[in-house]
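S.K.: Would you be able to build a 3D model of this:
(2 chains)
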Amino acid sequence: MLTDWTSRLRSLLRRAAVERELDDELRFHFEQLVESHLRRGLSPDDAVRHARIDLGGLDQIKEEHRDARGITVIDNLSRDLRHAGRQLRRAPGPAAVMVLTLAVAIGATAIVYNTIDVVWRMVPVATERVVLVASTDPRPSQAQSGMSGGLALTGTSVPDLVDWTAQATTVEEFGAFRYGSATLTGLDAPVRASVVYATTNLLSMWGLDVARGRGFAAGEGRTGAAPVALLTPKFWQRQFSSSPDVLGQSVLLNGVPHTIVGVLSTKADTRLFGRSDVMVPQVLDAAGTARDERRLYVTARLKEGVTREMAAAELDAIAKQLRTQYPHTNARTSVVVRPLIELTGGETPFVLFLLALIAVLILAMACANTSNVILAQAASRQHERSLRAALGASRFDHVRLFMIESVVVSAAAGAVGLLLASWGIDGIRWLAGPDFGESSVNGTLVLVVTATSFVVPFAFALLPALRSSRPDPIHLNESSRLVSTGSGQRARSLLVGVQVALAMVVTIQVVLVGRTAWNLRTAEYGFDPARVMTFRMDLPEERFPDPTQVTQFYTDLLARIEAIPGVISTAAINRLPIGDRELSARVTIEGLPPVADDERPFAAVATVTREYFRTLRVPLLRGRGLSEADFGRGPAVALVSEEAARRLWMGADPLGSHITLAGAPLPTTPVLVVGIVANARSSNLDPRVMPYVYVPSSWYAERAMAVLVRTDNADPVQVAPAIRAQAAQLNPNEPIFAVSSMEQVLFEDRSGMYTIAGLLAGIAFIALCLTATGIYGVLSYSVAQRTREIGVRMALGARPRVILQMVVRQGAAPILAGGMVGLLVALGLAYLMTTSTSFVDARDPRGYAVVIVSMVLIAFTASYVPARRATKVDPIVTLR
Amino acid sequence: MADRRLDLPQGTLDLLILKSLALEPRHGWAISERLRQVSSDALTIRQGSLYPALHRLERRGWIKAHWGTSDNNRRAKYYELTTRGRKQLESEISAWRDLSAAIAHVLDGV
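M.R.: Take a look at the predicted model:
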């Protein structure tokens, strides 16, 4: 068997050599034969003649030999491939249309596959039966992502988890983690580290291991255990140059020495932990934390045979019990058990399903469109086929030829599709940034594309192949088919209508979102982000226990920064506009009629240093700005934004009135309003402005501040090294982090929107391509079928212009109908989006006009090409 | 003379080729000459079917080929039996003997 195949392979690879050997061998035999005939006394001519007769046809032997070598199939295949290539070259237009259609669809499928793959790999859990357990809270909460069934999923508190662990019988073990950050010292320079607090069993429960050293020991999760830490592979490489000596070394996390015991494996390097630096044990001590501090993400490994529903029922019962036991903190808390993938967001499974559905839909449409082009081709090649059938080609030969042609098209489309996909994936990565995780064109993706390219021909070509291959040599002298049969024409028109409608809907949404994104780009923020750089610091409570120390530190730091050449002004704020979610508080205004606690208005509260308004160029409208004295021991003052003045005071003059702010950490002492500043936006995606109250940073000292530095440099981040040096001189233990330009902060906040706009644009591109090729395919087919009819018309004197109009008009009906439906749906959708979010503005006549005009252009071009072909029909040829 | 020539039963060509190679390696022409001589011209091989058969046997690994020089100093392709080919020959001979004996038995008996 093996020798058989090696010989076949050798035959194929060394074809020329094998043929030559065979030739030599047969010639030798022939000459011997001639010689033996000569010896018997035949004349030379007769000897040669007899030898020829004896040996039989040399070519026949060679053919037999080739059959025996088993390469006929391959020979035939290569002949068929050449034939397919010739056929496609002969009709480059339709071939290009087919390749483009399929390439777009295959590319889209590849991108969707890649996305699903990336999302799926975000949760690095290798073991079975691990589920997500989340607490729910009926109050609308935006603290944690994921809305499911109207309930906001929240994290879980340590005391709740301890109770669950003690009582649950359906769960083998719970593993939990939460995110945090800490200042890491003991290295050359202090750094701000993102920390994952994980229960000691989490790694083994998830089936993750360490690349070096060891994981956590069970006892290290108890209060009082010697603190240990694991490094993530990226942090190990970045901070320690992947040095193996790091094991056993001690670093300070917020001043507490931790021993590094291991390095996580790269398997853990997904979105979940990929952006973290250090993993430390989460202490599970019910006494240590409050029951309503719900920050843990809890996963559970269910016992053998336990379903999600059973676990949910039991945990829910425990939650009910906790509700009565701790009404103060747990009155509204219940528990849900979800698939683990929802760790990346409650809507993930739905979104992935939707993506897969879209991919299938796009593939199906591309196949339908290609099918139509093929049918058109087939109809115009009816004659050629009949001739073949008459010459003895079997139906199988016919279908084979057809399929090979389609596979060639599909393979080309696969190659182009892969290219499109790699561009698309690069685009998504560029837009979505590191959040999207590691994704690239890899072997699996190439495999998926290849498989898709070889499967789709059976979807788009087999039916037309079988249909058009009914062996029918009669066609040769048949002059019927004067009129198109119209069979399937209605289905085809419907297809075109649907595609036009879908393209309309998607394109309109894209244009609306695109315009919103564009408007945001040029939107008025109320401040000037150009030439401003920003960074953050977070002073640990251990080293800065007294608020005055914090204030003093920032005052000193700002003074040092101000002295750096190129710095125009600098200031600090507790919550960076756009970058951070604002701190809000209920405002009580003295002198206004009292309102119930629940109805007191909210305002964003920002603690700022003196130069904040000058640094961001927020103009003062009335009253006075903050002065040096406001940061001393004098009476507490505040500035309010124009919006706050309008909404909160409702016509009264804010200047000179006293207000109190009710928000968890804020002092309750009244402050005096001394000035009104212009509005500044705090969020990119919400064009409405928040009412703002600005108080001096000395009134309420926050340890974590964002510092803003206005420079005279177009690239403000260039002053960062000088700032770093000043900060290190002031205090070598406190790192500065999140160094960025203010413009970058704005861009990053919008990147989510850009991603959506980019994805929508991609889908719109696909939809438009499909629509164009759909119209083209249907009309081509119709023209091919009606060739004779058109020939007759022209013979009877119809002018080309009339024929052109006739074909275009035939295509116009489904296009118009589809377009109208699409427009209505798009309008409805845009209206819904406008009312539910402030994302898009449905009343955007220019947007609609652009879409309608481009759709008309595309539809016309797609129908014009086949229509023009109809006018080129030669009446003589078709009537002969 | 033509009347005395026998057509080969299906499948026996392989056996005859293997047998003719049992003594020494030969080239295609020598095989056909040998078979003609040994059978006293009784067996005729269609010359054209010899080479496909040789290549088939080679592919099965029963014979192997190498290029050599013929008696009259010409380049010729020589075939020789492999170990597996020898075993195959033995089993085919015994199979053939059994078969012809059985047929003879039937013919005599009836």
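
S.K.: which secondary element of the chain has the worst mean pLDDT?
M.R.: All of this is about chain A. When the helices and strands of chain A are scored by mean pLDDT, DSSP states H and E, strand A:147-148 comes last with a mean of 39.

S.K.: not what I meant, chain B
M.R.: Every helix and strand of chain B was ranked by mean pLDDT, DSSP H and E. The lowest is helix B:47-60, at a mean of 80.

S.K.: Toward the C-terminus, what is the element adjacent to that one?
M.R.: Next helix or strand after helix B:47-60 toward the C-terminus (DSSP states H and E): strand B:63-69.

S.K.: Show me what that following strand is in contact with.
M.R.: Applying CB atoms under 8 Å, 6 or more residues apart in numbering or on different chains, the contact partners of strand B:63-69 are B:17-18, B:21, B:25, B:27, B:54, B:57-58, B:75-82, B:85. To be clear about C-beta, it is placed using only N, CA and C from the backbone, and glycine gets the same treatment.

S.K.: try stretch A:344-364
M.R.: Counting by CB under 8 Å, 6+ apart, A:104-106, A:108-109, A:112-113, A:115-116, A:119-120, A:122-123, A:145-148, A:153, A:271-272, A:338-339, A:341-342, A:452, A:456, A:459, A:763, A:766, A:770 sit against stretch A:344-364.

S.K.: Same question for stretch A:178-185.
M.R.: By CB under 8 Å, 6+ apart, the surrounding residues in contact with stretch A:178-185 are A:155, A:190-197, A:251-255, A:276-278, A:282, A:295-297, A:538, A:540, A:733-735.

S.K.: Strands - which of the residues you listed land there?
M.R.: If you go by DSSP state E, the contacts of stretch A:178-185 have A:191-197, A:251-253, A:278, A:297, A:538 in strands.

S.K.: Give me the pLDDT for the residue of the stretch 201-350 of chain A found nearest chain B.
M.R.: As assessed by CB to the nearest CB, chain B sits closest to A:Lys267 within the stretch 201-350 of chain A, at 48.1 Å. Confidence at A:Lys267, expressed as pLDDT, is 80.

S.K.: Likewise for the one 10 residues further on?
M.R.: Model confidence at A:Asp277, given as pLDDT, is 91.

S.K.: What residues of the lengthiest helix in chain B count as buried?
M.R.: Using DSSP state H to define each element, chain B has its longest helix at helix B:83-109. By neighbour count on 16 or more other CB atoms under 10 Å in any protein chain shown, the buried set for helix B:83-109 is B:85, B:88-89, B:92.

S.K.: and what of stretch A:716-735?
M.R.: Here stretch A:716-735 shows A:716-717, A:719-720, A:722-723, A:726-727, A:731, A:734-735 as buried, counting by 16+ other CB under 10 Å.

S.K.: what's the answer for stretch A:575-594, then?
M.R.: A:575-580, A:582-589.

S.K.: Check stretch A:360-368 too.
M.R.: Buried residues in stretch A:360-368 (16+ other CB under 10 Å): A:362-363, A:365-368.

S.K.: In helices, which of those residues fall?
M.R.: Per DSSP H, these map to helices at A:362-363, A:365-368.

S.K.: so where do the strands sit in the stretch 1-150 of chain A?
M.R.: Per DSSP state E, counting those that start in this stretch, the stretch 1-150 of chain A carries strands over the ranges A:130-137, A:147-148.

S.K.: from the ones you listed, which stretch is densest packed?
M.R.: Neighbour counts (mean count of other CB atoms under 10 Å in any protein chain shown) averaged over each of the strands of the stretch 1-150 of chain A peak at strand A:130-137, with a mean of 23.

S.K.: pull the CA atoms of it into CSV?
M.R.: Provided in CSV are the C-alpha atoms of strand A:130-137 (Å, rounded to 0.1, in the frame of the first residue of the first chain):
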residue,chain,number,x,y,z
VAL,A,130,-17.5,26.3,36.5
VAL,A,131,-20.3,28.9,36.6
LEU,A,132,-20.7,32.5,37.4
VAL,A,133,-22.5,33.4,40.6
ALA,A,134,-23.7,37.0,40.9
SER,A,135,-25.7,38.9,43.4
THR,A,136,-28.5,41.0,42.0
ASP,A,137,-29.9,44.2,43.0
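
S.K.: for chain A, what are the nearby residues on chain B?
M.R.: Residues of chain B that fall close to chain A, judged by CB under 8 Å from any CB of the partner chain: B:27-29, B:32-33, B:46-49, B:51-52, B:55-56, B:58-61, B:70, B:74-77.

S.K.: ok, of those residues, which come out buried?
M.R.: Applying 16+ other CB under 10 Å to the residues of chain B next to chain A, the neighbour count classes B:27-29, B:32-33, B:47-48, B:51-52, B:55-56, B:58-61, B:70, B:76-77 as buried.

S.K.: Packing partners of the longest helix of chain B?
M.R.: helix B:12-20 (3 or more CB pairs under 8 Å, 6 or more residues apart in numbering or on different chains; DSSP states H and E).

S.K.: can you give me the offset of stretch A:719-729 from its chain's centre?
M.R.: Relative to its parent chain, stretch A:719-729 has a centroid offset of 37 Å by CA atoms, centre = their mean, to the nearest Å.

S.K.: now swap in stretch A:796-805 and tell me
M.R.: Per CA atoms, centre = their mean, the centroid offset for stretch A:796-805 relative to its chain is 50 Å.

S.K.: tell me the mean pLDDT for that stretch?
M.R.: Throughout stretch A:796-805, pLDDT has a mean value of 85.

S.K.: Tell me which residues are up against that stretch.
M.R.: A:790, A:793-794, A:864, A:867-868, A:870-871, A:873.

S.K.: That one spans what distance, first to last residue?
M.R.: 17 Å (CA to CA, to the nearest Å).

S.K.: What residues of that stretch count as buried?
M.R.: By neighbour count with 16+ other CB under 10 Å, stretch A:796-805 contains the buried residues A:798, A:803-804.

S.K.: again, but for stretch A:539-550
M.R.: By 16+ other CB under 10 Å, the buried positions in stretch A:539-550 come out as A:539-540, A:544, A:550.
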